[in-house]
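**Q** Pasted the sequence and its predicted model underneath.
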Amino acid sequence: MSGARPDPDGGAVAGTISGTGRATPRRRTLRRGLTAAATLLAMAAAAGFAWFDEEATRPVPPVPTVDGIAVLTGGPERVEAGLRMALERPEARVIVSGVGRDADLPALARGAGIEPWGLLGRIALGHEASSTRGNAEEVSRWAAGAGLGSLAVVTAGFHMPRALLELRRAMPGVALHPAPVSPRRARPPAMLREYAKLVGAWLGLSALSSRGERPTGRPDAPAAPAPGSASPTTVTAARGAA
């Protein structure tokens, strides 16, 4: 069957597509362009994930003397490592960001297996953050109020790239020193989710997840409990600020 279209004078209009079902040159070019774009996007995503996996597990230098320590909750070893670092650095101020509403310093210390008395008067508990961007905003307000110029950042290794990205965005003038704890690398599904969150943070999409977080003031500075008073022995500090 011819693909020619008759004109009003009984002739045929030349140059129309034959009915063979073949794609036009324009469609072939578009298809090739889409295929190339998809291939490049997949290659970029794979390269980005490879960088993320290496960054999460690479060795970091020892943390130098710092003004403060920022502990981002959301994992089992973060609070313990942060509080032990605080004991080793009595000059450093400390914030534990993203703790539960009912958490207090004795509970955190007992849950980490240490006594709280060496930490009194210099640890603030942040109750507002429920995301990594929220952590960054909470830590930024605390650091600015305390006049701190350098911080050690305590979080899981695989969470560190996104934590540093958000913290640097929130307080570009503060020197940040990573102090990663286990797990440095999570299971593949968790690593993929974290990489997706990191890409979202790069694109600025994390701002959407923190819109519901409204600061109600500075983080709580815990009062000193009476020696010998009873303290909870379990910790429900993490609120999923990941």
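**A** Now that the structure is in, tell me what you want to look at.
**Q** Which of the helices and strands in the protein ranks last by mean pLDDT?
**A** Taking mean pLDDT, DSSP states H and E as the measure, the helix or strand of the chain with the lowest value is strand 12-13, at a mean of 48.
**Q** Pull out the buried residues from the longest helix along the chain.
**A** For the chain, the helix with the greatest residue count under DSSP state H is helix 25-57. Neighbour-count burial for helix 25-57 flags 49, 52, 56 (criterion: 16 or more other CB atoms under 10 Å). Quick note: C-beta positions are derived from backbone N, CA and C, even for glycine.
**Q** Which helix or strand contains the closest residue in space to the second one that isn't next to it in sequence?
**A** So that's Phe52. Among residues not flanking Phe52 along the chain, Tyr195 sits closest, at 5.0 Å (CB to CB, 6 or more residues apart in numbering). In the assignment (DSSP states H and E), Tyr195 maps to helix 188-202.
**Q** Please enumerate residues in contact with that helix?
**A** If you take CB atoms under 8 Å, 6 or more residues apart in numbering as the criterion, helix 188-202 is touched by 48-49, 52-53, 56, 132-133, 158-159, 161-162, 165-166, 185-186, 206, 242.
**Q** Is the residue most central in space within the chain in a helix, a strand, or coil?
**A** Central residue check for the chain by CA atoms, centre = their mean: the C-alpha nearest the mean position is that of Arg162, 3.5 Å away. Counting by DSSP: H, G, I helix; E, B strand; the rest coil, the backbone at Arg162 sits in helix.
**Q** How many residues are close by the residue nearest to it when sequence neighbours are not counted?
**A** Excluding the flanking residues, the one nearest Arg162 by CB to CB, 6+ apart is Leu198, at 4.6 Å. By the measure other CB atoms under 10 Å, the count of residues near Leu198 is 24.
**Q** And Pro183, by the same measure?
**A** 18.
**Q** so where do the strands sit in this structure?
**A** Using DSSP state E, the strands of the chain run over 5-6, 12-13, 68-72, 93-97, 123-126, 150-154, 175-178.
**Q** Which among those is found nearest to Met85?
**A** strand 68-72 (5.7 Å; CB to CB).
**Q** elements contacting that closest one?
**A** helix 78-88, strand 93-97, helix 132-146, strand 150-154 (3 or more CB pairs under 8 Å, 6 or more residues apart in numbering; DSSP states H and E).
**Q** Dump the ones you listed into JSON lines; add mean neighbour count and distance to Arg32 as well.
**A** Below are the helices and strands packed on strand 68-72 laid out as JSON lines (neighbours: other CB atoms under 10 Å; distance: least, CB to CB, whole Å):
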{"stretch": "helix 78-88", "mean neighbour count": "21", "distance to Arg32": "49"}
{"stretch": "strand 93-97", "mean neighbour count": "26", "distance to Arg32": "49"}
{"stretch": "helix 132-146", "mean neighbour count": "23", "distance to Arg32": "40"}
{"stretch": "strand 150-154", "mean neighbour count": "24", "distance to Arg32": "46"}
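**Q** Could you dump the ones you listed into TSV with distance to Val181 and mean pLDDT added?
**A** Below are those laid out as TSV (distance: least, CB to CB, whole Å; pLDDT from 0 to 100):
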stretch	distance to Val181	mean pLDDT
helix 78-88	4	94
strand 93-97	14	96
helix 132-146	15	96
strand 150-154	6	98
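**Q** Do me a favour and get the end-to-end distance for stretch 150-164?
**A** End-to-end span of stretch 150-164 (CA to CA, to the nearest Å): 13 Å.
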